[in-house]
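Q: what shape does this take:
(chains A and B)
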Amino acid sequence: MTRLKKVFLGSNPKVTLGRCFILALTSFLIFGFWLRPVRVVGISMEPTLPDGGLRLVDILRYRNHPPRAGDIVVIAMPGGKAFYMKRVIGTPGETLSFVDGQLYINGARMLEPYIGVAGHWQMPPTLVPENHFFVAGDNRTTSFVGHTLGIVERSRITGALLQ
Amino acid sequence: MKLKLNSHAANWVIRLVIAIALAWVAFRYWPSDTRRIHRQTKSLFAALSKSGAESMPRTAAKTLEVGQWLAPTVTFDLGPPFPDHIAKQDLVRIIQVGRARIDGLKIIMRGYQALRPGPDELWLDVTLDAILEAEGGRTSMIGTYRLIWKRSDKKWLLHGIEAVNVIAHPNALVP
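A: Numbering: from 1, shown residues only, chains lettered A, B, ... in the order given. Down below sits the predicted model:
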């Protein structure tokens, strides 16, 4: 019993307790205020993010600059415990459209190396308002109507995926 | 680097941890309308949930439990096929029939945000994760909804449910 106690608490239990507290505080600060571990649920970001994978989200990334086109961002749902994970494909002031699965921005055809199959999405030209972003998943084989994509407020974007 | 803590400092660390824990418990469980509505909403979803086969009296009891939190008329802003509003007794009947037809339903609240438009009104924006089992299949869906609770005679009742679109789909933008 004494040996077991020594293994777990060391020769000076108060010092061990102090170290445990510092370790817990450091972990709490890192994983609570900087890097948040998240589990990917769903197939909307395949093939980039497979269903069930564990990832880290940098929640300080957009403190000083706005998201950029191509970034994978996390979008907070009410309560801040669940998030959408999407790719930014349109920034404020841009006009986006899909023609037979091909993305056009301001009339120019865009290359999207991150998608597997282009799919057949159709969308009329849509202007991204100020302080908003256009986001979509990388899996374009899903139906356009059933896929969660579209315009999101800047304030909802709470971080970026650590790649 | 070697970390050394003397016993005096360690005592202070322990006191600090206890103080933080007590403050957290007080903050977490301090009574307020928001917490009351949160608990009520959790109970509502627990009553709606179903795990495996259940007897008819149990279905009736669960439906009655749901009914106690509903206003005489509940309004919906969820789009088709949901109507604009529905009377309490009709909604209770729909829930009862629906529960009998499904094999299982699990509704998990993934977070909430409360808004207070008036002293007797509270909006709870909730993120819901629902797992539905029916006809041998299993469907999982996540969505955000606004539950409109209003106080009448010291009792909070659910008056409306609206869809909250965090990401506005392009189809919804077309007039």
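
Q: in chain A, which spans are strands?
A: Here chain A has its strands, by DSSP state E, at A:35-39, A:54-58, A:72-76, A:83-90, A:95-99, A:102-105, A:108-109, A:123-127, A:132-136, A:150-153, A:157-161.

Q: I meant to write chain B there.
A: Defined through DSSP E, the strands belonging to chain B, from first to last, are B:50-51, B:70-77, B:85-87, B:104-118, B:121-134, B:137-152, B:155-163.

Q: contact partners for the residue of chain A found nearest chain B?
A: Chain B sits closest to A:G79 of chain A, with a gap of 1.7 Å, by C-beta to the nearest C-beta. Bear in mind the C-beta positions are built from the backbone N, C-alpha and C, glycine included. When contacts are counted by C-beta atoms under 8 Å, 6 or more residues apart in numbering or on different chains, A:G79 touches B:109-113, B:125-127.

Q: report how many residues lie close to residue 44.
A: I'll assume chain A. A:S44 is flanked by 21 other residues according to other C-beta atoms under 10 Å in any protein chain shown.

Q: nope, chain B please
A: Summarising burial for B:L44: neighbours were counted as other C-beta under 10 Å, giving 19.

Q: ok, now which ones touch it?
A: Neighbours of B:L44 in contact, by C-beta under 8 Å, 6+ apart: B:66, B:69, B:158.

Q: do you know how far the first one is from B:R110?
A: In this structure, B:V66 and B:R110 are separated by 21 Å, where distance is defined by C-beta to C-beta, to the nearest Å.

Q: report the buried members of the contacts of A:G79.
A: When burial is judged by neighbour count using 16 or more other C-beta atoms under 10 Å in any protein chain shown, the buried members of those are B:109-113, B:125-127.

Q: from these, list the ones also adjacent to chain A.
A: Counting by C-beta under 8 Å from any C-beta of the partner chain, the subset of those that neighbours chain A consists of B:109-113, B:125-127.

Q: kindly list the single helix or strand of chain A that scores lowest on mean pLDDT.
A: Sorted by mean pLDDT, DSSP states H and E, the helices and strands of chain A end with helix A:2-9, the least confident at a mean of 73.

Q: starting at the chain centroid, how far to that helix?
A: Relative to its parent chain, helix A:2-9 has a centroid offset of 43 Å by C-alpha atoms, centre = their mean, to the nearest Å.

Q: residues in contact with that helix?
A: A:16-17.

Q: for it, C-alpha coordinates in CSV please.
A: Output of helix A:2-9 as CSV, limited to C-alpha atoms (Å, rounded to 0.1, in the frame of the first residue of the first chain):
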residue,chain,number,x,y,z
THR,A,2,2.8,2.4,0.9
ARG,A,3,4.7,1.5,-2.2
LEU,A,4,1.5,2.1,-4.3
LYS,A,5,1.0,5.4,-2.6
LYS,A,6,4.6,6.3,-3.3
VAL,A,7,4.2,5.4,-7.0
PHE,A,8,1.2,7.6,-7.5
LEU,A,9,1.9,10.5,-5.1
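
Q: so what's the most centrally placed residue in chain B up against?
A: The central residue of chain B, meaning the one whose C-alpha is nearest the mean C-alpha position (C-alpha atoms, centre = their mean), is B:T41 at 4.0 Å. Shown in contact with B:T41 (C-beta under 8 Å, 6+ apart): B:109, B:112, B:124, B:126, B:147.

Q: rebuild the strands of chain B as TSV, extending it with mean pLDDT and distance to A:A69.
A: Conversion of the strands of chain B to TSV gives the following (pLDDT from 0 to 100; distance: least, C-beta to C-beta, whole Å):
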stretch	mean pLDDT	distance to A:A69
strand B:50-51	90	45
strand B:70-77	93	33
strand B:85-87	90	42
strand B:104-118	93	29
strand B:121-134	93	27
strand B:137-152	91	25
strand B:155-163	94	28
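
Q: with respect to burial, which of these scores highest?
A: Comparing the strands of chain B by mean neighbour count (mean count of other C-beta atoms under 10 Å in any protein chain shown), strand B:121-134 comes out on top with a mean of 19.

Q: that one pairs with which strands, parallel or anti?
A: Listed by DSSP bridges, the sheet partners of strand B:121-134 and their directions read strand B:104-118 (antiparallel), strand B:137-152 (antiparallel).

Q: okay, the angle between it and strand B:155-163?
A: On the basis of axes from the mean of the first three to the mean of the last three C-alpha atoms, to 10 degrees, strand B:121-134 is oriented at 60 degrees to strand B:155-163.

Q: up against chain B, what does chain A have?
A: A:14-15, A:17-19, A:21-22, A:41, A:75-82, A:84, A:86, A:123-124, A:126, A:135, A:144-145, A:148-152, A:156.
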